[in-house]
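S.K.: Coordinates for the following, if possible.
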Amino acid sequence: MTNGISGAKATGPEMQHVCTNLFDFTWTIKAAAVAGRMPRTHHYWLWLVDCLYDVCTGWLNEDQMPLVLQSWKRTDTSIPPITSRGIDWKLLAETNSQGLRSIEVSALRSEKDVNAVLLHPELVVLGDAAGIEKATGHSMSMKLD
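M.R.: Reported below is the predicted structural model:
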């Protein structure tokens, strides 16, 4: 998943937000299954299990249902989702509206941009994002993949 998140950084804040939230979601599902808080589904599309549960309920007796559905508690979709991590869109908009540079990652899409950063190999090796930004004007994360 690291490559997916690194690639998301290069495409901008929207894709980074999506990838990090999906990573957090799958990690949470794995942790809940390991802790015995929910049955193992062996995938992360829980809405499909809800659909299967809806189809089987009233059609099969509980003891005839697949094991994963026998202890399944349907997702309560009346509760709005909560994103506790990710990008603070309001703060990002305020920062950008004031002409300030946010922590958004530079994608270094052109050869000229890449070469400008590579002119400072000591900063790249150290992962000195602040030094690279000062030397080249390109902001990026501390970890250079």
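S.K.: remind me, longest helix of the chain?
M.R.: Longest helix of the chain, by residue count under DSSP state H: helix 13-34.
S.K.: Show me which positions of that one end up buried.
M.R.: By neighbour count on 16 or more other C-beta atoms under 10 Å, the buried set for helix 13-34 is 13, 16-17, 19-21, 23, 29. Using the backbone N, CA and C atoms, a C-beta is placed for each residue, glycine as well.
S.K.: Let me know the closest of those residues to Gln70.
M.R.: Closest approach between these and Gln70, by C-beta to C-beta: Ile29, at 18.7 Å.
S.K.: will you turn the buried residues of helix 13-34 into JSON lines that also has distance to Ala35 and pLDDT?
M.R.: Output for those, formatted as JSON lines (distance: C-beta to C-beta, whole Å; pLDDT from 0 to 100):
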{"residue": "Pro13", "distance to Ala35": "32", "pLDDT": "76"}
{"residue": "Gln16", "distance to Ala35": "28", "pLDDT": "78"}
{"residue": "His17", "distance to Ala35": "27", "pLDDT": "77"}
{"residue": "Cys19", "distance to Ala35": "24", "pLDDT": "82"}
{"residue": "Thr20", "distance to Ala35": "22", "pLDDT": "81"}
{"residue": "Asn21", "distance to Ala35": "21", "pLDDT": "81"}
{"residue": "Phe23", "distance to Ala35": "18", "pLDDT": "86"}
{"residue": "Ile29", "distance to Ala35": "11", "pLDDT": "90"}
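S.K.: picking up where we left off before, tell me what the longest helix of the chain is packed against?
M.R.: Helix 13-34 sits against helix 2-11, with contacts defined as 3 or more C-beta pairs under 8 Å, 6 or more residues apart in numbering; DSSP states H and E.
S.K.: mean confidence score for the helix it packs on?
M.R.: Helix 2-11 comes out with an average pLDDT of 55.
S.K.: Could you do stretch 96-112 as well?
M.R.: If you average the pLDDT over stretch 96-112, you get 67.
S.K.: okay, now the nearest residue to Ala33 once chain neighbours are set aside: neighbour count?
M.R.: Nearest residue to Ala33, sequence neighbours excluded (C-beta to C-beta, 6 or more residues apart in numbering): Arg40, at 4.5 Å. Neighbourhood size, Arg40 [other C-beta atoms under 10 Å]: 13.
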